[in-house]
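Colleague: coordinates only, sequence not included:
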């Protein structure tokens, strides 16, 4: 069987850095999403509300849905998804934040 006849799996990784300038609005939206989740057990809902109110990263995690990124992409089916959100120290000039590799330095893995 050729590759074109079998399913292929691709891992898509996306890094996004967001600036929160409306934490009250973010928390309100997260709590509304939690309250509207008909499948979430009440005990989990209470914990989720508390976490969203205490931490903007937790609030954001309740609002992000990876399926929304690929919903309209033809020819694929999401097999598995996971995501996390955390508060970070952000310095746009630091090398670790050069997510697209455009720091001016060329990579040369083949040279000793």
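Modeller: Here it is on my side, so go on. Just so you know, these numbers come straight off a predicted model, no measurement behind them.

Colleague: dump the residue contacts of the residue positioned nearest the centre of the chain.
Modeller: Closest to where the C-alpha atoms of the chain average out (C-alpha atoms, centre = their mean) is residue 83, at 4.8 Å. Applying C-beta atoms under 8 Å, 6 or more residues apart in numbering to residue 83 gives the contacts 61, 64, 66. All C-beta spots, glycine's among them, are computed from the backbone N, C-alpha and C.

Colleague: Provide the secondary structure category for the residue nearest to the last one when sequence neighbours are not counted.
Modeller: Distances taken as C-beta to C-beta, 6 or more residues apart in numbering place residue 81 nearest to residue 66, at 4.1 Å, with adjacent residues excluded. The three-state label given to residue 81 by DSSP: H, G, I helix; E, B strand; the rest coil is coil.

Colleague: before we move on, what about residue 57?
Modeller: Here residue 57 is helix, with the state taken from three-state DSSP.

Colleague: count of neighbours near it?
Modeller: Here the neighbour count serves as a burial measure; for residue 57 (other C-beta atoms under 10 Å) it reads 17.

Colleague: ok, of the contacts of residue 83, which one's closest to residue 17?
Modeller: Within the contacts of residue 83, proximity to residue 17 (C-beta to C-beta) peaks at residue 64, which comes in at 13.4 Å.

Colleague: where does the closest one fall, phi/psi-wise?
Modeller: Per-residue torsions, residue 64: phi -90, psi 130 (degrees, to the nearest 10).

Colleague: Now do stretch 29-42, average pLDDT.
Modeller: Mean per-residue pLDDT for stretch 29-42: 97.

Colleague: Enumerate the positions of it that are buried.
Modeller: When neighbours are counted by 16 or more other C-beta atoms under 10 Å, the buried residues of stretch 29-42 are found to be 29-31, 33-34, 40.
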